[in-house]
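> Sequence and predicted structure, then a few things I'm wondering about:
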Amino acid sequence: MKQSEVKKLSVAELQEKLGQYKKTYADMKMAHAITPLENPLELRKVRRTVARLSCELTKRELQ
């Protein structure tokens, strides 16, 4: 998910997506620990998306 897409979301949508991506990341990490993922770079993409969503939520709370 790109930063331009994140900026267009409402606060409720950001919170919903953040929860979804955190769960996805946790599931992927667990699966990767058991058997290596086909594309381990997906972990990085999901982790960075979580950071983008979290950062945008924090920025909006501070305004």
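Done, it's in. Numbers count the residues shown, from 1 in each chain.
> just checking, what packs against the longest helix anywhere in the chain?
If you go by DSSP state H, the chain has its longest helix at helix 11-34. In terms of contacts (3 or more CB pairs under 8 Å, 6 or more residues apart in numbering; DSSP states H and E), helix 11-34 is packed against helix 41-62. In short, each C-beta sits where N, CA and C put it, glycine included.
> Other residues contacting the helix it packs on?
1, 3, 6-7, 9, 11, 14-15, 17-18, 21-22, 24-25, 28-29, 32, 37 (CB atoms under 8 Å, 6 or more residues apart in numbering).
> same deal with stretch 17-31?
Applying CB under 8 Å, 6+ apart, the external contacts of stretch 17-31 come out as Met1, Leu9, Leu37, Glu42, Leu43, Val46, Arg47, Thr49, Val50, Leu53, Ser54, Leu57.
> Would you mind putting the CA coordinates of the longest helix of the chain into PDB?
In PDB, the C-alpha atoms belonging to helix 11-34 read as follows (Å, rounded to 0.1, in the frame of the first residue of the first chain):
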ATOM      1  CA  VAL A  11      -9.400   7.300  10.400                       C
ATOM      2  CA  ALA A  12     -11.800   4.300  10.800                       C
ATOM      3  CA  GLU A  13     -10.500   2.800   7.600                       C
ATOM      4  CA  LEU A  14      -6.900   3.300   8.800                       C
ATOM      5  CA  GLN A  15      -7.600   1.500  12.100                       C
ATOM      6  CA  GLU A  16      -9.300  -1.400  10.300                       C
ATOM      7  CA  LYS A  17      -6.500  -1.800   7.700                       C
ATOM      8  CA  LEU A  18      -3.900  -1.600  10.500                       C
ATOM      9  CA  GLY A  19      -5.500  -4.400  12.400                       C
ATOM     10  CA  GLN A  20      -5.700  -6.500   9.200                       C
ATOM     11  CA  TYR A  21      -2.100  -5.900   8.300                       C
ATOM     12  CA  LYS A  22      -0.800  -6.600  11.800                       C
ATOM     13  CA  LYS A  23      -2.700  -9.900  11.800                       C
ATOM     14  CA  THR A  24      -1.300 -10.800   8.400                       C
ATOM     15  CA  TYR A  25       2.200  -9.900   9.500                       C
ATOM     16  CA  ALA A  26       2.000 -12.100  12.600                       C
ATOM     17  CA  ASP A  27       0.600 -15.000  10.600                       C
ATOM     18  CA  MET A  28       3.300 -14.600   7.900                       C
ATOM     19  CA  LYS A  29       6.100 -14.500  10.600                       C
ATOM     20  CA  MET A  30       4.700 -17.700  12.200                       C
ATOM     21  CA  ALA A  31       4.500 -19.500   8.900                       C
ATOM     22  CA  HIS A  32       8.000 -18.300   8.000                       C
ATOM     23  CA  ALA A  33       9.400 -19.700  11.200                       C
ATOM     24  CA  ILE A  34       8.000 -23.100  10.500                       C
END
